[in-house]
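A.B. asks: coords please:
(chains A and B)
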Protein chains: 2
Amino acid sequence: MRKIYALGPAGTYGHEAAELVRKFRPGMSDCQLEFCGSNEEILGRVEAADSADVFGVAPVENSTAGLVRAVIKFWMRQKDSWSQNRLQVIGEVGLPVHHCLLAYPGVKDVSAIQSVTSHPQALSQCDASLARLGLSIKEPTLSTAVAAQYVSDHGNSEAMVAIASEFAAKVYGLDILERHLEDENANETKFHLVGRQPTSEVAESKTAVLFWLRDEPAALHDAMGAIAAAKANMSSIHSIPLGERGKFAFYVEFQGHLGNDVTRSVLTIMKARTDRFVILGSFAELKGDR
Amino acid sequence: MRKIYALGPAGTYGHEAAELVRKFRPGMSDCQLEFCGSNEEILGRVEAADSADVFGVAPVENSTAGLVRAVIKFWMRQKDSWSQNRLQVIGEVGLPVHHCLLAYPGVKDVSAIQSVTSHPQALSQCDASLARLGLSIKEPTLSTAVAAQYVSDHGNSEAMVAIASEFAAKVYGLDILERHLEDENANETKFHLVGRQPTSEVAESKTAVLFWLRDEPAALHDAMGAIAAAKANMSSIHSIPLGERGKFAFYVEFQGHLGNDVTRSVLTIMKARTDRFVILGSFAELKGDR
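C.D. replies: As a prediction, the model looks like this:
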């Protein structure tokens, strides 16, 4: 029986991403979903299972907040391995983050409600909307899914609404009072599908790597030279400060597949021009006609 | 009368950074401190004041969490100007983030306390310590300073401790029960001193810039070429996703001063090789003998 791990409780963006994997990746529809308490736990369980039938879904970057540090740290601890069945990234799911205002079904006088609960980041992303709606009492929670769960659990006894996703509204049977509550354009969170079954090359394949810059002038220029020489487009680049000033690792995604000679040559040169090097995997975005 | 803006309420890391500016930057000791509700407000007030006597302190990057997006967004909206008295970064303060466990003075039986309040990020950074201490009930707040203020305001009536800085403990008169609560090595937050009085060149001077990559292969390689050619060390580099996939701006700090011919030449080439370019300023770290 295939199994896929995602972040709980039900209704998180990670849960939604796992549902999209089950829908769009061939052979995954009957995959059993299991929730974990943290992203580190998801990755740790997939690694420990050591099976081609065990998968995980973990966020890697948000278009506003940047890299998900705990997930990147997990990959930073991995050894450099080019073997076929190592733990690797085998797919990507992009989820737009749209905040909705959710209420317990049947709430009559919404205008009388003053309290709103959500993760502090979501609350701050909706500042202007909350001011307009007169929702001045803000109750922070540990995730948007927990906020939706709270409103669902407490029913009408507490006059409180939650900020969470449309998916969370479905999971907890809440009414959507308003959509697109965020003050700025929506951000997007990219999730990685992780497992031990490599994905074949397609036109949109990209390869994700982590590397540690040498401590010398022009080190970044040298490390990226092979990508520039191959004229491969980068779809993502993030610096990762290593604590000590001026010391950096980098997360880079660029066009190409580990099974392709040019890509493999770019990787070989990058590895030779950096202090440490880890290949996360070659993969493409999973999507249907949504 | 000189004035300096920092993030409130009293006891934030921004407040602590402003106190260090008053201590270490010549002529700033009698500067009047005023609190703002957000980092955007700090920068907006300094910009609007249009005076050489008005300063602001705003966080720019954290060694773990990366760039402070709201602050960078402010700079991204600025015009490219090389004029002497434009709004610019004129100093830097680095603050190590050490989480302390704070209690209302005179609490007798600390082992009976189960509740802890702080910002969710601080709570999650102290997970292992909180488990060890049996602090299982976590009450999220909007900042660590607000958590310290809460414990101070509510005294012994609520059996609750806060996670906040040593500085916050002093500000609110709380007892420090334990230091270095964080699970991992301490992270550091860098603050910028912002104003309209340029800082003269010293050996440690560095220059901060923002630039928008051209949408073509090897664009980053081209943009960074002049820094590599000048063999200037970079002390910071961060990519800034622009929402659209594969489109990035960059924040870079490198060795040099705008008043120096070589640095000015590097900047001139970078500007010519990028889509858009903003110089934040040339500055050095403010520090005493601490």
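
A.B. asks: Could you find the closest non-adjacent residue to the residue of the stretch 51-200 of chain A found nearest chain B?
C.D. replies: Going by Cβ to the nearest Cβ, chain B is nearest to A:P140 of the stretch 51-200 of chain A, at 3.8 Å. C-betas here are computed from N, CA, C, even on glycine. Among residues not flanking A:P140 along the chain, B:P140 sits closest, at 3.8 Å (Cβ to Cβ, 6 or more residues apart in numbering or on different chains).

A.B. asks: Equivalent analysis for A:H154, please.
C.D. replies: Computed as Cβ to Cβ, 6+ apart, the closest residue to A:H154 that is not its neighbour in sequence is A:M160, at 7.2 Å.

A.B. asks: Help me confirm that the one you found comes into contact with A:S115.
C.D. replies: Yes: the criterion here is Cβ atoms under 8 Å, and A:M160 meets it with A:S115 at 4.3 Å.

A.B. asks: so what's in contact with those two at the same time?
C.D. replies: Overlap of the contact sets of A:M160 and A:S115 (by Cβ atoms under 8 Å, 6 or more residues apart in numbering or on different chains) consists of A:E139.

A.B. asks: Tell me how far A:M224 lies from B:A223.
C.D. replies: Distance, A:M224 to B:A223, using Cβ to Cβ, to the nearest Å: 11 Å.

A.B. asks: circling back: contacts only, for the residue of the stretch 51-200 of chain A closest to chain B.
C.D. replies: A:117-120, A:123, B:120, B:140-142.

A.B. asks: who does it bridge with?
C.D. replies: A:S118 (DSSP bridges).

A.B. asks: still on that earlier bit, just the buried ones from the contacts of A:P140?
C.D. replies: Buried members of the contacts of A:P140, counted by 16 or more other Cβ atoms under 10 Å in any protein chain shown: A:117-120, A:123, B:120, B:140-141.

A.B. asks: and which of those is nearest A:W212?
C.D. replies: Closest approach between the buried ones among the contacts of A:P140 and A:W212, by Cβ to Cβ: B:P120, at 29.8 Å.

A.B. asks: Quick check: chain neighbours aside, which residue is closest to the closest one?
C.D. replies: The nearest residue in space to B:P120 (Cβ to Cβ, 6+ apart) is B:P140, at 4.7 Å.

A.B. asks: just the buried ones among the contacts of A:P140 now: which is nearest A:L193?
C.D. replies: A:H119 (24.0 Å).

A.B. asks: and that closest one, how far is that from B:E178?
C.D. replies: In this view, A:H119 and B:E178 are 27 Å apart by Cβ to Cβ.

A.B. asks: what does A:R86 give?
C.D. replies: 41 Å.

A.B. asks: re earlier: nearest to B:I72, out of the buried ones among the contacts of A:P140: which one, please.
C.D. replies: Ranked by distance to B:I72 (Cβ to Cβ), the buried ones among the contacts of A:P140 are led by A:P120 at 19.5 Å.

A.B. asks: who touches that closest one in this structure?
C.D. replies: A:140, B:119-120, B:140, B:142.

A.B. asks: Which pLDDT value belongs to it?
C.D. replies: Looking at A:P120, its pLDDT is 81.

A.B. asks: State the next helix or strand along the chain beyond the helix or strand containing A:Q149.
C.D. replies: When elements are assigned from DSSP states H and E, A:Q149 belongs to helix A:144-154. Of the helices and strands lying after helix A:144-154 in sequence (DSSP H and E), the nearest is strand A:160-164.

A.B. asks: just how off-centre is that following strand within its chain?
C.D. replies: Relative to its parent chain, strand A:160-164 has a centroid offset of 22 Å by Cα atoms, centre = their mean, to the nearest Å.

A.B. asks: which other helices and strands contact that strand?
C.D. replies: strand A:100-103, strand A:115-118, helix A:120-125, helix A:144-154 (3 or more Cβ pairs under 8 Å, 6 or more residues apart in numbering or on different chains; DSSP states H and E).

A.B. asks: roughly how far apart are the residue nearest the centre of chain A and A:E34?
C.D. replies: By Cα atoms, centre = their mean, chain A has its centre lying nearest to A:P59, at 1.8 Å. Distance, A:P59 to A:E34, using Cβ to Cβ: 17 Å.

A.B. asks: so what's the backbone phi/psi at A:S38?
C.D. replies: In terms of degrees, to the nearest 10, the main-chain angles of A:S38 are phi -160, psi 160.

A.B. asks: Return the residues in contact with it.
C.D. replies: Contacts of A:S38 by Cβ under 8 Å, 6+ apart are A:7, A:70.

A.B. asks: what sits against A:Q84?
C.D. replies: With Cβ under 8 Å, 6+ apart, A:Q84 has these contacts: A:P198.

A.B. asks: Can you tell me how far A:G106 is from A:L174?
C.D. replies: Relative to A:L174, and taking Cβ to Cβ, A:G106 is found at 11 Å.

A.B. asks: Those two - which one has more neighbours?
C.D. replies: A:L174 (25 against 8; other Cβ atoms under 10 Å in any protein chain shown).

A.B. asks: Apart from its neighbours in sequence, what residue is nearest that one?
C.D. replies: A:L102 (4.1 Å).

A.B. asks: shouldn't that neighbour be in contact with A:A168?
C.D. replies: Yes: between A:L102 and A:A168 there is a contact at 7.0 Å, judged by Cβ under 8 Å.

A.B. asks: joint contacts of those two?
C.D. replies: Both A:L102 and A:A168 are contacted by A:148, A:162, A:174, under the criterion Cβ under 8 Å, 6+ apart.

A.B. asks: which residues sit against the helix or strand hosting A:P96?
C.D. replies: A:P96 belongs to strand A:88-97 when assigned by DSSP H and E. Applying Cβ under 8 Å, 6+ apart, the contact partners of strand A:88-97 are A:13, A:16-17, A:20-21, A:24-25, A:57, A:62, A:165, A:182, A:186-199, A:208, A:279-281, A:283-287.

A.B. asks: The residues you listed: which ones sit near chain B?
C.D. replies: Near chain B, judged by Cβ under 8 Å from any Cβ of the partner chain, the entries from the contacts of strand A:88-97 are A:187-188.

A.B. asks: could you flag which of the contacts of strand A:88-97 are buried?
C.D. replies: Among these, those buried by neighbour count (16+ other Cβ under 10 Å) are A:13, A:16-17, A:20-21, A:24-25, A:57, A:62, A:165, A:182, A:187-196, A:198-199, A:208, A:279-281, A:283-286.

A.B. asks: Which residues of the stretch 101-250 of chain A lie near chain B?
C.D. replies: Residues of the stretch 101-250 of chain A lying near chain B (Cβ under 8 Å from any Cβ): A:119-120, A:138, A:140-142, A:185, A:187-188, A:217-218, A:220-222, A:224-225, A:227-229, A:231-239, A:241, A:243, A:245-246, A:248.

A.B. asks: again, 7 Å this time
C.D. replies: Counting by Cβ under 7 Å from any Cβ of the partner chain, the residues of the stretch 101-250 of chain A lying close to chain B are A:120, A:140-142, A:185, A:217-218, A:220-221, A:224-225, A:228, A:231-235, A:237-239, A:241, A:243, A:245-246, A:248.
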